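S.K.: compute the structure for the input listed below.
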Amino acid sequence: MTRPVWQMRRVILLLLNCFRREDKERKMDYNEGNFFMEAMTVMNPEAPIRFEEDLPVWISASCVRAIALHCNPNAVTVVYVLRGTADVKVSFESFRLGAGEFVVVNHSDFYSVRSDDAENIVILIHISVSHYEKSIGFLRFIVFACDSVTTIDDRQEQLDHIRRLIAGLLDILSRHDRALYADAEHTAHEILNILSVHFSILRHRAGDTTFSRQKMDKYLTIMKKLDEDYQKKTLLDDISKSEYYSRFYLAHLYKGMMLMSIQDSLSATRCFKSERLLLTTKKSIQTISTECGFSDTKYYYKHFKLWYLCTPKQYRKLFQPEVFIKNEMREIALDEAATIMSALLNAGRPKPEGSEKPNAACGVKAIFQGPVELNIVYHDPMDRESAERLRGELEAMFQHARVDSSLAQD
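M.R.: Residues are numbered from 1 along each chain as shown. Purely as a prediction, here's the structure:
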């Protein structure tokens with residue numbers, strides 16, 4: 001019997017065994033769990049989270065060696081390092097997280113986790129988008145820019161609040177009591193509310209500037225159309241006509257809020273959407289460029305390199321293999337993780353291990369954080385070559401940002 005057939009048969013048997021068990025709090029042993037997750041990753045790198053019917057949040061704690069590059073399209077995810085250190089890649093950014101540090105992953109972002117720390121504990125909190133978009137308007141189209149590594153402004157109080165809410169979720173779900181599911185639902189809603197108000201990409205770009213409800217509705221409508229119809233070459237004209245805006249008013253409104261042109265934002269959206277095709281298909285770069293709405297491949301290359309610091313071809317070569325790696329992780333009981341987290345929070349807000357400054361972050365987003373050292377993480381020598389050529393262009397684009405840039409070889 002060939003290995004692929006043998007693998008498939010074992011996966012099917014595992015699934016059947018899971019469904020036959022009546023206990024909803026069942027746990028597979030470590031070897032079964034690893035094999036099951038590996039097979040699922042290979043078959044579908046965009047696997048949705050299977051939430052329970054009356055519980056729109058799912059949480060796990062694990063000692064992680066590697067989690068493959070993947071996407072959870074139906075969930076906002078928080079990657080929280082409870083103990084040790086872990087390297088987390090999220091789209092075009094990379095973070096070295098220490099104990100008490102976390103990063104928020106948007107539902108459309110591909111992310112991976114790796115760690116050489118044998119004592120690490122990583123918590124993954126998945127929150128259902130479809131459940132909460134009923135109460136948080138446009139939730140699916142709000143881009144969050146939240147990490148505790150590069151956020152060094154006055155939002156530390158909100159970050160600490162998120163930590164306490166995560167601790168509360170851990171405590172609630174570790175009790176395995178369905179009567180507490182309503183409390184878990186409310187706690188997850190609070191997390192999303194904080195992210196929506198304090199850590200949206202608009203808040204990230206515009207700072208403390210406040211906008212009227214009418215302006216916010218216009219902005220979110222535009223973001224929705226950019227996300228849904230990014231492939232259309234006539235998109236900006238279509239938005240103007242459907243919303244009865246002139247092209248001048250549309251450009252003025254968007255740039256006045258986001259501090260970047262709507263054309264640049266559309267190009268960035270197309271690049272982010274192309275990441276999925278680069279990682280999960282064998283389509284040519286030219287085909288991907290056309291499908292994502294670029295009129296010419298050279299414009300695709302130009303804008304992709306601004307965000308990912310390498311060409312689409314280089315990015316595929318570097319990271320497509322990470323989609324199919326084996327997940328290596330050992331489950332940690334939620335009650336054990338809850339006890340550790342409670343002790344850490346009671347001892348005071350955790351500080352990243354072995355670092356006086358923010359940990360390594362990669363990508364253009366970090367430039368907007370203000371006076372912070374920008375450490376660009378290189379995954380390959382050819383990545384360094386691409387980034388060196390782009391450094392001058394990046395500095396010219398963001399002269400207003402107060403940042404001391406330094407390049408570090410990973």
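S.K.: contacts and neighbour counts: CA atoms only from here.
M.R.: Will do.
S.K.: residues contacting V104?
M.R.: 76-79, 144-147 (CA atoms under 8 Å, 6 or more residues apart in numbering).
S.K.: so what sits opposite it in the bridge?
M.R.: V78 (DSSP bridges).
S.K.: where's K282 relative to K313, distance?
M.R.: K282 sits 11 Å away from K313, going by CA to CA, to the nearest Å.
S.K.: flag every buried residue along stretch 201-208.
M.R.: Within stretch 201-208, the residues scored as buried using 16 or more other CA atoms under 10 Å are 201-205, 207.
S.K.: repeat for stretch 173-190
M.R.: Those buried within stretch 173-190 under the rule 16+ other CA under 10 Å are 173-174, 181, 183-185, 187-189.
S.K.: out of the contacts of V104, grab the one that's most surrounded.
M.R.: Highest neighbour count within these: T77, with 25 neighbours (other CA atoms under 10 Å).
S.K.: the nearest residue to it once chain neighbours are set aside: which element?
M.R.: Among residues not flanking T77 along the chain, H126 sits closest, at 4.5 Å (CA to CA, 6 or more residues apart in numbering). In this structure, H126 sits in strand 121-128 according to DSSP states H and E.
S.K.: thought E185 was touching W58?
M.R.: No. Counting by CA atoms under 8 Å, E185 sits too far from W58 to count as a contact (10.2 Å).
S.K.: low-confidence ranges in the stretch 51-200 of the chain?
M.R.: Low-confidence segments of the stretch 51-200 of the chain (pLDDT under 70): none present.
S.K.: at 80 instead, please
M.R.: 153 (pLDDT under 80).
S.K.: strands along that one, start to end?
M.R.: For the stretch 51-200 of the chain, the strands defined by DSSP state E, counting those that start in this stretch occupy 57-70, 75-83, 86-90, 93-97, 102-105, 111-114, 121-128.
S.K.: one step back: dump the contacts of V104 to TSV, plus distance to M258.
M.R.: TSV is the format used below for the contacts of V104 (distance: CA to CA, whole Å):
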residue	distance to M258
V76	22
T77	24
V78	25
V79	27
F144	14
A145	13
C146	17
D147	20
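S.K.: and which of these is nearest L259?
M.R.: A145 (15.5 Å; CA to CA).
S.K.: domains in the protein, by residue range?
M.R.: What automatic domain parsing lists as the domains of the chain is 1-43, 45-208+321-410, 211-309.
S.K.: which stretches of the stretch 201-350 of the chain form helices?
M.R.: 201-206, 213-228, 235-243, 247-258, 262-280, 285-291, 297-308, 312-319, 334-346 (DSSP state H, counting those that start in this stretch).
S.K.: of all these, which lies closest to I136?
M.R.: I136 lies closest to helix 213-228 among those, at 11.9 Å (CA to CA).
S.K.: for the closest one, which residues meet the burial criterion?
M.R.: Using 16+ other CA under 10 Å as the test for burial, helix 213-228 gives 218-227.
S.K.: same check, this time on stretch 271-289
M.R.: Buried residues in stretch 271-289 (16+ other CA under 10 Å): 271-280, 285, 288-289.
S.K.: OK, contacts around L279?
M.R.: 316, 319-320, 323.
S.K.: redo that, cut-off 10 Å
M.R.: By CA atoms under 10 Å, 6 or more residues apart in numbering, the contact set of L279 is 45, 69-70, 110, 315-324.
S.K.: residues in contact with R155?
M.R.: 148, 161, 198-199.
S.K.: how near is the closest residue to I123 other than its chain neighbours to Y132?
M.R.: Of all residues not flanking I123 in the chain, A61 sits nearest, at 4.4 Å (CA to CA, 6+ apart). As for A61, its distance to Y132 is 23 Å (criterion: CA to CA).
S.K.: the two: which is more packed in?
M.R.: A61 (24 against 19).
S.K.: re earlier: quick one: which two of the buried residues of stretch 173-190 are the most distant?
M.R.: Across these (CA to CA), the longest gap, 18.5 Å, separates S174 and H189.
S.K.: the residue nearest to T77 against C71, yeah?
M.R.: No. Contact criterion CA atoms under 10 Å: H126 and C71 do not qualify, at 11.5 Å.
S.K.: which residues are in contact with each of these two?
M.R.: With CA under 10 Å, 6+ apart as the test, H126 and C71 both reach 49, 77, 105, 107.
S.K.: and these, which two are furthest apart?
M.R.: I49 and V105 (13.7 Å).
S.K.: need the overlap of contacts for these two.
M.R.: 71-72, 75, 126.
S.K.: for those, which one is nearest I152?
M.R.: I152 has its nearest neighbour among those in H126, at 25.0 Å by CA to CA.
S.K.: burial measure for M260, as a count.
M.R.: Neighbourhood size, M260 [other CA under 10 Å]: 14.
S.K.: contacting residues for it?
M.R.: M260 touches 205, 251-252, 254, counting by CA under 10 Å, 6+ apart.
S.K.: same check on S212?
M.R.: K218.
S.K.: measure it to Y219 for me?
M.R.: 11 Å.
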